[in-house]
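In: build the 3D model from these lines:
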Amino acid sequence: MEISAYLDRKLARRFRTYDADGDGYIGREDFTQAGERTIKTFGLADTDPKAVRLHAALNGLWEQLSSVTDQDRDGRISLDEYKKAFANGLLETPESFDEGYVPFLDALMAIVDEDGDGKLTVEEHVMWTGALMNLSEADARMIHDILSDDDELMSVQALLDAIREFYFSEDAAAAGNWLLGSLD
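Out: Presented below is the predicted three-dimensional model:
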């Protein structure tokens, strides 16, 4: 698969949200710490079933991602390795994306959607994106506004659709392409 210049920028931005410690690599610890921050932000104990499920989902994402991207098997993923995995078909179709990502999103939303109505308030969205991906409050509020309905709530389905757009749409105006704020 050819990676367009636009997708290249999006992948670089997504890589930076994974690389929580800013060392230029994604490692298991980045995923573990993201889960710990999220669980703490939402006031859960590590033993809470929702916390255990999120940690398992993050571990599964790490295993899946590292198995196809960590080409030199050093236990960490460089930006170059990350982009090459996409060029080699890591996410060939929205369906293959769903297989790997939907279980993680379900585990995350079990924590984040505190009232379980399938919709996120701006506060819930700001909290999880800040804790999990170090997204700024301004960027989180912007994307929440873009994806919200008339009641100023973002459905989990709208979020999933936006995540798919981020990886599969070349339309710079598509809402999902703003999912992580500016690409610069």
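In: tell me, how many residues neighbour the residue lying closest to residue 59 once chain neighbours are set aside?
Out: Leaving aside its chain neighbours, residue 59 sits nearest to residue 31 (7.0 Å; criterion: Cβ to Cβ, 6 or more residues apart in numbering). Every residue, glycine included, has its C-beta placed from N, CA and C. The number of residues packed near residue 31 is 23, by other Cβ atoms under 10 Å.
In: ok, residue 67 next?
Out: 10.
In: now it: how far from residue 58?
Out: Note on residue 67: its distance to residue 58, by Cβ to Cβ, to the nearest Å, is 15 Å.
In: try residue 99
Out: In terms of Cβ to Cβ, residue 99 sits 16 Å off from residue 58.
In: okay, residue 65 and residue 46: tell me how far apart.
Out: 23 Å.
In: more neighbours: these two, which one.
Out: residue 65 (19 against 11).
In: quick check: bridge partners of the closest residue to that one other than its chain neighbours?
Out: Closest residue in space to residue 65, ignoring its immediate chain neighbours: residue 77 at 6.9 Å, by Cβ to Cβ, 6+ apart. With DSSP bridges as the criterion, residue 77 is bridged to residue 26.
In: quick one: the helices in the protein, in order.
Out: Assigned by DSSP state H, the chain shows helices spanning 5-18, 28-41, 49-69, 79-87, 94-112, 122-133, 137-147, 156-168.
In: tell me which of these sits most buried.
Out: helix 122-133 (a mean of 20; mean count of other Cβ atoms under 10 Å).
In: and the residue nearest the centre of the chain?
Out: residue 133 (7.0 Å; Cα atoms, centre = their mean).
In: so who does that residue touch?
Out: Counting by Cβ atoms under 8 Å, 6 or more residues apart in numbering, residue 133 touches 17, 18, 34, 180.
In: grab the CA positions of stretch 136-154 and hand them over as PDB.
Out: These are the backbone C-alpha positions of stretch 136-154, laid out as PDB (Å, rounded to 0.1, in the frame of the first residue of the first chain):
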ATOM      1  CA  SER A 136      -4.600  18.900  24.900                       C
ATOM      2  CA  GLU A 137      -7.900  20.000  26.300                       C
ATOM      3  CA  ALA A 138      -8.300  22.500  23.400                       C
ATOM      4  CA  ASP A 139      -7.900  19.700  20.800                       C
ATOM      5  CA  ALA A 140     -10.200  17.400  22.700                       C
ATOM      6  CA  ARG A 141     -12.900  20.100  23.000                       C
ATOM      7  CA  MET A 142     -12.600  20.900  19.300                       C
ATOM      8  CA  ILE A 143     -13.100  17.300  18.100                       C
ATOM      9  CA  HIS A 144     -15.900  16.800  20.600                       C
ATOM     10  CA  ASP A 145     -17.700  19.900  19.200                       C
ATOM     11  CA  ILE A 146     -17.200  18.500  15.600                       C
ATOM     12  CA  LEU A 147     -18.600  15.100  16.500                       C
ATOM     13  CA  SER A 148     -21.300  16.100  18.900                       C
ATOM     14  CA  ASP A 149     -25.000  15.900  18.300                       C
ATOM     15  CA  ASP A 150     -27.600  18.700  19.100                       C
ATOM     16  CA  ASP A 151     -27.400  17.700  22.700                       C
ATOM     17  CA  GLU A 152     -23.700  18.400  22.800                       C
ATOM     18  CA  LEU A 153     -23.000  14.700  23.300                       C
ATOM     19  CA  MET A 154     -20.700  12.500  21.200                       C
END
